[in-house]
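Undergrad: give me a 3D structure for the following:
(chains A, B, C and D)
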Number of protein chains: 2
Amino acid sequence: MCQDGHMVARTRRAQRRTEALSRERITEAAVELLDASGESGLTFRALSERLATGPGAIYWHVANKGELLEAATDVVVAAALAEPAEAAGSPRDEIRAVALGLFTAIAEHPWLATQVSLQLSHGPTKSVPLRIFEGIGRHVGALGVPEDSWFTVASALMHYILGSAAQNASNARVAGSVVDRAEFLDAVSAAWEELDPDDYPFTRAVARQAREHDDRQQFLTGIDLILAGIRAR
Amino acid sequence: MCQDGHMVARTRRAQRRTEALSRERITEAAVELLDASGESGLTFRALSERLATGPGAIYWHVANKGELLEAATDVVVAAALAEPAEAAGSPRDEIRAVALGLFTAIAEHPWLATQVSLQLSHGPTKSVPLRIFEGIGRHVGALGVPEDSWFTVASALMHYILGSAAQNASNARVAGSVVDRAEFLDAVSAAWEELDPDDYPFTRAVARQAREHDDRQQFLTGIDLILAGIRAR
DNA sequence: AATCGGACTGGAATGTCGTTCCAATGTTGG
DNA sequence: CCAACATTGGAACGACATTCCAGTCCGATT
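TA: Model prediction:
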């Protein structure tokens, strides 16, 4: 088996390696892996196999796993925010579009919620929070908000959007289909109704509302709430 | 600290083990470890050493690391929400109190932001999201909100609070003192001002506001924004 | 009092992960 | 053609969460 290694190189390249390894191809494969098997599915070993290479080759293009996760998140978020750029509506509609873009992106890539929250807590200079902040803020001026409140208003909107998105990932993960979703909400509602009435009176009281609510609708209602607050000043 | 030398391992209990191992003691030690060395500092090895035991003993009381993190988060959040229970003010002040309680808890335990976001995305039946939701919702009724909007309004407030909290963890982590904080904001603001004017016009425009803003103040302003939106309906 | 069984302990062992290292390979310019 | 260099991929390493198991302790039963 020692001498056998002479010709070990094999025709590996003939397999699929028509394109060279690149940061883009690696990130793309990472996203596919994340979509297919969740956060724990993305390992350098699995990635190596899918790209028909070894871990060392990946490390030539990417510093570490954190950077890989960051790149994957960035690609997906950028795609989600790029779409509604064409349709020019009222500033209110524009902001709703940004919010809904993120909302559906997270529904399609459940791992995204955790990652975006993570990037957010890693600092405001990371590209993902920047993209979102800019995407929202761009339309805040047109909303009639005085300039010295821009920062505050855009921050409030971003925080609400990301907070909601994080929560709704759990729905998306468990509920693949509409039927599953109904079951999931039923389970949540039932669990809430069995809480201790002394400790959780409010949650028990709204258990029925939780069962019947529409995520997307409620999400937009929340945005309208903030927009109404802005207008009320 | 005082080693008993190479005495037989039998007199182990004489060392420091006056109290028995319990879920509470383990969680407490986990929080101390997290506070001292951050999220990566909490390992079963370090925890074993601090508790003068082995990993196996810990696993008798705690199922896995996730459950340990959950318990640690729960304890800290519960403590943060318990304080303002006595002082009864206007519903608006009560909600502000809940929000500020979480805000300062995260400032004292920077690892909390990530954990709370994580728990949130793991489902609405986990105890941490429940506590927060209840803590807020309890005062929503007194706010004059019609009952069929309770769920929506409480959700919107919770999402904003948790989203803001996640962001402000990065400030807290980097900025131990007031001086550090000013430096941090300067760095962020400077980084924002060097962005591409075509891609990030808004962010560049508010860079100066970012430098001078007060986290806590802005956080409360955001809450007032939502409350104003509620009143405006 | 002796013993028996389950609660509890802790050290060793297992397998997986991120990461590093390095010999081998392709590629490029002189 | 050959030296410098960029790139590759497989093996090896250390740290980690988790499991296993041989013990130890303690309260209930007889």
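
Undergrad: now residue A:81: closest residue in space that isn't a chain neighbour?
TA: residue A:135 (4.9 Å; Cβ to Cβ, 6 or more residues apart in numbering or on different chains). (Each C-beta comes from the backbone N, C-alpha and C, glycine too.)

Undergrad: name the SS class of the one you found, please.
TA: Three-state call for residue A:135 (DSSP: H, G, I helix; E, B strand; the rest coil): helix.

Undergrad: give the buried residues for the longest helix seen in chain A.
TA: For chain A, the helix with the greatest residue count under DSSP state H is helix A:150-174. For helix A:150-174, a neighbour-count test (16 or more other Cβ atoms under 10 Å in any protein chain shown) marks A:150-174 as buried.

Undergrad: now do stretch A:206-225
TA: A:206-207, A:209-211, A:213, A:215, A:218-223, A:225.

Undergrad: lowest-confidence one in these?
TA: On pLDDT alone, residue A:215 ranks lowest of the buried residues of stretch A:206-225, at 88.

Undergrad: for that one, what are its contacts?
TA: A:168, A:171 (Cβ atoms under 8 Å, 6 or more residues apart in numbering or on different chains).

Undergrad: go again using 10 Å as the cut-off
TA: A:103, A:107, A:164, A:167-168, A:171-172, A:175, A:181, A:185, B:155 (Cβ atoms under 10 Å, 6 or more residues apart in numbering or on different chains).

Undergrad: let me know the closest of those residues to DNA strand C.
TA: For the contacts of residue A:215, the minimum distance to DNA strand C (Cβ to the nearest atom of the strand) is 22.9 Å, reached by residue A:172.

Undergrad: for that closest one, give me the pLDDT.
TA: 67.

Undergrad: check the one 5 residues further on too.
TA: The score at residue A:177 is 68. That number is its pLDDT.

Undergrad: which ones are touching residue A:162?
TA: Per Cβ under 10 Å, 6+ apart, neighbours of residue A:162: A:99, A:102, A:106, A:113, A:116-117, A:119-120, A:128-129, A:132, B:117, B:159-160, B:162-164, B:166-167.

Undergrad: hmm, back to that, what's the farthest-apart pair in the buried residues of stretch A:206-225?
TA: A:207 and A:223 (24.4 Å; Cβ to Cβ).

Undergrad: pLDDT score for residue A:85?
TA: Reading off the model, residue A:85 has pLDDT 58.

Undergrad: cool, residue A:182 as well?
TA: For residue A:182, the predicted pLDDT is 85.

Undergrad: again, but for residue A:66
TA: At residue A:66, pLDDT is 97.

Undergrad: that one: neighbour count?
TA: 11 (other Cβ atoms under 10 Å in any protein chain shown).

Undergrad: my guess is it contacts residue B:40, does it?
TA: No: using Cβ atoms under 10 Å, residue A:66 is not in contact with residue B:40, being 11.7 Å away.

Undergrad: now the helices for chain A?
TA: With DSSP H as the criterion, chain A has helices spanning A:12-15, A:23-37, A:44-50, A:55-61, A:65-82, A:91-108, A:111-121, A:127-137, A:150-174, A:178-193, A:201-205, A:207-212, A:215-231.

Undergrad: show me the residue at the heart of chain A, geometrically.
TA: residue A:112 (2.8 Å; Cα atoms, centre = their mean).

Undergrad: how about the nearest residue to that residue, chain neighbours excluded?
TA: Nearest to residue A:112 is residue A:106, by Cβ to Cβ, 6+ apart, at 4.7 Å.

Undergrad: for the one you found, what are its contacts?
TA: Applying Cβ under 10 Å, 6+ apart, the residues contacting residue A:106 are A:76-77, A:80, A:112-116, A:162, A:164-169, A:171-172, B:121.

Undergrad: what comes up buried for stretch A:192-203?
TA: So stretch A:192-203, judged by 16+ other Cβ under 10 Å, has buried residues A:192-193, A:195, A:200, A:202-203.

Undergrad: about what we covered before: I'd say the residue nearest to the centre of chain A and residue A:38 touch.
TA: No: the criterion here is Cβ under 10 Å, and residue A:112 misses it with residue A:38 at 11.3 Å.

Undergrad: residue A:96 touches residue A:143, doesn't it?
TA: No: assessed by Cβ under 10 Å, residue A:96 is found out of contact with residue A:143, at 11.9 Å.

Undergrad: pick out whichever of these two has more residues nearby.
TA: residue A:96 (20 against 17).

Undergrad: any idea of the pLDDT on the more buried one?
TA: For residue A:96, the predicted pLDDT is 92.

Undergrad: before we move on, back to that, just the buried residues of stretch A:206-225 now: which is nearest DNA strand C?
TA: residue A:215 (30.7 Å).

Undergrad: from residue A:107, how far off is the nearest residue to residue A:168 once chain neighbours are set aside?
TA: Of all residues not flanking residue A:168 in the chain, residue A:215 sits nearest, at 5.3 Å (Cβ to Cβ, 6+ apart). In this view, residue A:215 and residue A:107 are 9 Å apart by Cβ to Cβ, to the nearest Å.

Undergrad: pull up the gap between the residue nearest to the centre of chain A and residue A:74, please.
TA: Distance, residue A:112 to residue A:74, using Cβ to Cβ: 11 Å.
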